[in-house]
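>>> Pasting a predicted model and its sequence here:
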Amino acid sequence: MKSYLVAFALCCSFVFQSCAQERTTAKESEHKFAVVKTEAEWRKILTPEQYKVTRMKSTELACSGAYWKNHDKGIYNCVCCKQPLFDSQTKFESGTGWPSFYKAIHPEAILEIADTSFGMERVEILCSRCGAHLGHVFEDGPRPTGLRYCLNSLALDFVKDKK
C-alpha cells in the first residue's frame, strides 16, 4: 500500500510541475518594467524587510504578515510602485499563513515567471510595473479560477474601501 501512495504522490508532483510550467508566461529578463530604480533608491523608500522580500525575492514567515488575516474590503497594491494588484473580493482563507487570492485585478498587473529555486519548480509572481517579487501562484485554489496567488504581506500596501 505504501508503494502505491508514493507512486501516487510522485505522479501528482509531476502533474503539478507540468501545469506550473505551462502557466509560465514570461522571462523576467525579457520584460521591460515601467518603474526602474537603483538599489539605493529602493532601499530609501522601503523598510529593510520590504526590500528583502520585494527586491531580493525573500519570503516572510507564515502567519507573520499584516494581511494574512485581514478581512477588510479594499485593494491590495504593490508596496513598491502602488500599482493595484488584488481586490479583497478575491481573497480567501487558504490555511497557508499568507494572504491568498484566486484572481488578480487585471491579468496585466502581474508577471508570471518560472522559479526553479530551492530545487522546486514553481511560478513566481512579480508586479508587472516594477518587478517586485510578490509571491507564487499555485493551481490548488478555489473556483472560479482554481488558482491560489500566495503573497507576502510585506509586498503589499492595503487601501481600505471608504464605504
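Yes, it's here.

>>> so which helix or strand takes in the spatially most central residue of the chain?
Nearest to the geometric centre of the chain sits residue 135, at 2.7 Å (Cα atoms, centre = their mean). Here residue 135, judged by DSSP states H and E, is contained in strand 133-138.

>>> What are the boundaries of the helices in this structure?
For the chain, the helices defined by DSSP state H occupy 2-23, 39-45, 48-54.

>>> Comparing these, which yields the minimum mean pLDDT?
Ranked by mean pLDDT, the helices of the chain bottom out at helix 2-23, with a mean of 41.

>>> ok now do residue 154, which residues does it touch?
47, 49, 50, 52, 53, 54, 60, 65, 79 (Cβ atoms under 8 Å, 6 or more residues apart in numbering). Bear in mind the C-beta positions are built from the backbone N, C-alpha and C, glycine included.

>>> same deal with residue 84?
Contacts of residue 84 by Cβ under 8 Å, 6+ apart are 75, 76, 77, 105, 106, 109.

>>> Tell me what it is bridged to.
residue 77 (DSSP bridges).

>>> Count residues in the vicinity of residue 146, would you?
Residues lying near residue 146 (other Cβ atoms under 10 Å) number 12.

>>> Now do the closest residue to it other than its chain neighbours, the pLDDT please.
Distances taken as Cβ to Cβ, 6 or more residues apart in numbering put residue 139 closest to residue 146, at 5.9 Å, once the chain neighbours are dropped. What the model reports as pLDDT for residue 139 is 95.

>>> Same check on residue 81?
On the pLDDT scale, residue 81 gets 97.
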